[in-house]
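*Asks:* All I have is the shape, not the residue letters:
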Ligand SMILES: NC(=O)C1=CN([C@@H]2O[C@H](COP(=O)(O)OP(=O)(O)OC[C@H]3O[C@@H](n4cnc5c(N)ncnc54)[C@H](O)[C@@H]3O)[C@@H](O)[C@H]2O)C=CC1
Ligand SMILES: O=C(O)CCC(=O)C(=O)O
């Protein structure tokens, strides 16, 4: 229990609950029919006019009650429904209400008949609930309200709070202008505009604080709360036009998310990354050492793609920044494009199509072959390579593959021991190696010379793995009969002009790095990566992290969780446990995962800790990052 000498005045509708109770009552009482929607709309309109102070509250109440046609009996389902509609963060922080029971009041322009039973479950007794009361006729119909109650009057909350004559600092938490006026009149000391359910500009503009949930309110007041750091304080910057679903998932979770359409150059990113906890990128954004050094809050980088060499993974790790990617979400899209391009190349479709666009009819079988029975050479037999292998075989191609890692053949595919062997046998060579920097210019003049005369070449992996000059030469000399290229050594940060030496060459299909750009893939990625991010932020899980010791954690039950990332040097675990023992903290679970450079230890504690523990754990030599959950 924290002694504060404060009084907390809560509004009810859209603050303690997610809804306006009279709107819910209207849903219950109005019979389905053509006029129902119209009446509901009218009620909501009148509610908003009253809340924003555009009509007097008395008028708003009178007009709504007339439209409602409710009875005493309707209040029973209303209460049941409202119990299901408590604001999420209010529900999460029930303990705050229990611990401060004596100091919490509800002042509402709603009605005690439905407020009392709801807030009783939050330890707020009827005598500390100030609200209107209904008038009923003998048959139980609601026919009006007690007009002598100050709360039925315009700005009645001011008089109500004045009459209470409370001692100590008075804080008002509400979503409407009628809550703010208590502060304006000088009877309340602070007004918190509560925006978890609705953001009312007029209230927010006048607030001392805007609080998107109760956690933030408790954080600002330094009061115990369900989560140590309110999610709205976690800033997420999404670049490169990642699918809007990612924005939605992360915003729904309560994070503060910003979405930009393009990649940012290093200098600009170094500025923009300050204060950012989570960075979301695709393949264009270079997360360099300088960017990572400039990042003062960064916890996670989410690569909304497969490749991760655009990120300095080592520096990220050393700085305690976890990186996730989406290793499978766009695999199928790349495979389908590869198949399509192989067929288009083998049939010289682009040449024929261009001729027609130019007004020429040139029907010919010249340079047009089926893919059936042809040899497909896949370099890089990973997720994409293997899936391509299966689909190509289904089209009757004979599949050969080469991989530096030992990969088992799928179907009837034949493994080549050397790259030369594969190049010599393939009618189509397709590149699906990973984006490891060591693969720079992996295919060059020598490799093109080792290919079959008239072979076609496809690159959907990374631009830098192919020597473009050598590819241009192989195409110009007709060593190759065609090529499809989706990726380039230098790619622009945003849509606009683009130049490559491959432009204008015959039977060359050029696409702007869209192998993984399908609606399906982008939607899947927008689901997968945010889940990984949220799992790490909310519980510390690093499963599938690409640069960090992987650890799958059990969900903690009524425990505080300490996350400690440190240099992997001897003795750190002992020091952590020494500090915990010194403060007599009982460890309910402890999990450790290390690699050669960093250690990641997660400790669950079943007892409250104080800030000294926090400081001492942070001060242990070798600590890279320390974070507390709950
Ligand atoms: N164009 C686009 O939009 C997209 C491009 N990609 C690119 O495709 C690449 C492959 O993706 P996945 O199949 O998911 O990766 P993966 O990691 O599952 O497979 C890559 C395979 O290449 C092999 N490999 C690496 N270097 C090699 C070398 N020098 N010689 C032979 N084999 C080598 C690896 O051992 C591995 O089996 C990604 O790294 C990314 O660069 C991925 C998705 C979309
Ligand atoms: O879609 C993107 O931004 C990049 C796709 C890609 O190359 C990858 O997933 O590695």
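*Replies:* Yes, it's here. Computed from a predicted model, the values in this text were never measured in an experiment. Ligands and ions are numbered 1, 2, ... in the order given.
*Asks:* ok now do residue 627, which residues does it touch?
*Replies:* Going by CB atoms under 8 Å, 6 or more residues apart in numbering, residue 627 touches 299, 540, 562, 563. (Glycine included, C-beta is placed from N, CA and C.)
*Asks:* Redo these as TSV? Include pLDDT.
*Replies:* Shown next, in TSV, are the contacts of residue 627 (pLDDT from 0 to 100):
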residue	pLDDT
299	97
540	94
562	92
563	94
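*Asks:* Kindly indicate whether the spatially most central residue of the chain is helix, strand or coil.
*Replies:* Compute the mean C-alpha point of the chain, and by CA atoms, centre = their mean the closest residue is residue 250, 2.8 Å away. Three-state call for residue 250 (DSSP: H, G, I helix; E, B strand; the rest coil): helix.
*Asks:* Can you report how many residues neighbour residue 485?
*Replies:* Other residues near residue 485 come to 23 when the count uses other CB atoms under 10 Å.
*Asks:* can you pull the contacts of it?
*Replies:* Contacts for residue 485 (CB under 8 Å, 6+ apart) come out as 458, 459, 463, 466, 471, 500, 502, 508, 509, 510, 511.
*Asks:* Grab the nearest non-local neighbour of it.
*Replies:* Nearest residue to residue 485, sequence neighbours excluded (CB to CB, 6 or more residues apart in numbering): residue 459, at 5.2 Å.
*Asks:* I'd like the distance between the one you found and residue 384.
*Replies:* Applying CB to CB, to the nearest Å, the value for residue 459 to residue 384 is 12 Å.
*Asks:* How about residue 143?
*Replies:* When residue 143 is compared with residue 384 (using CB to CB), they lie 71 Å apart.
*Asks:* Tell me, what's the model's pLDDT at the closest residue to residue 89 other than its chain neighbours?
*Replies:* Distances taken as CB to CB, 6+ apart place residue 213 nearest to residue 89, at 3.7 Å, with adjacent residues excluded. The score at residue 213 is 94. That number is its pLDDT.
*Asks:* Would you confirm that residue 213 contacts residue 227?
*Replies:* No - if you go by CB atoms under 8 Å, residue 213 and residue 227 don't touch, sitting 9.6 Å apart.
*Asks:* neighbours around residue 299, how many?
*Replies:* So residue 299, with other CB under 10 Å, has 21 neighbours.
*Asks:* what secondary structure does the closest residue to ligand 2 within the stretch 101-250 of the chain sit in?
*Replies:* The stretch 101-250 of the chain approaches ligand 2 most closely through residue 240 (6.3 Å), counting by CB to the nearest ligand atom. Classification of residue 240 by three-state DSSP places it in coil.
*Asks:* I figured it was touching residue 263, is that so?
*Replies:* Yes - under the criterion of CB under 8 Å, residue 240 makes contact with residue 263 at 5.2 Å.
*Asks:* Need the overlap of contacts for those two.
*Replies:* Contacts common to residue 240 and residue 263, judged by CB under 8 Å, 6+ apart, are 281, 282, 284, 285.
*Asks:* Let me have the residues you listed in CSV, extended by secondary structure, pLDDT and distance to residue 482.
*Replies:* Formatted as CSV, those follow (DSSP: H, G, I helix; E, B strand; the rest coil; pLDDT from 0 to 100; distance: CB to CB, whole Å):
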residue, secondary structure, pLDDT, distance to residue 482
281, strand, 98, 33
282, coil, 96, 28
284, coil, 93, 27
285, coil, 96, 32
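*Asks:* Quick check on residue 369: phi, psi?
*Replies:* Backbone torsions for residue 369, taken as degrees, to the nearest 10, come to phi -130, psi 150.
*Asks:* whoops, residue 490 was the one
*Replies:* Residue 490 adopts backbone torsions of phi -120, psi 120, taken as degrees, to the nearest 10.
*Asks:* where's the closest residue to ligand 1 within the stretch 501-630 of the chain relative to residue 379, distance?
*Replies:* Taking CB to the nearest ligand atom as the measure, the stretch 501-630 of the chain has residue 515 as its residue closest to ligand 1, at 2.7 Å. Residue 515 sits 15 Å away from residue 379, going by CB to CB.
*Asks:* Name the residues of the stretch 251-400 of the chain found near ligand 1, please.
*Replies:* The stretch 251-400 of the chain has residues 306, 307, 330, 331, 334, 379, 380, 381, 382, 383, 384, 385 near ligand 1, with proximity defined as CB under 6 Å from any ligand atom.
*Asks:* Narrow the residues you listed to those in strands?
*Replies:* Among those, the ones falling in strands (DSSP state E) are residue 379.
*Asks:* got the residue ranges for the strands in the stretch 251-400 of the chain?
*Replies:* 256-259, 278-281, 300-303, 322-324, 375-379, 398-402 (DSSP state E, counting those that start in this stretch).
*Asks:* Need the phi and psi values for the nearest residue to residue 341 once chain neighbours are set aside.
*Replies:* Excluding the flanking residues, the one nearest residue 341 by CB to CB, 6+ apart is residue 484, at 3.7 Å. When read as degrees, to the nearest 10, the backbone of residue 484 gives phi -120, psi 130.
*Asks:* Who does residue 484 form a beta bridge with?
*Replies:* residue 458, residue 509 (DSSP bridges).
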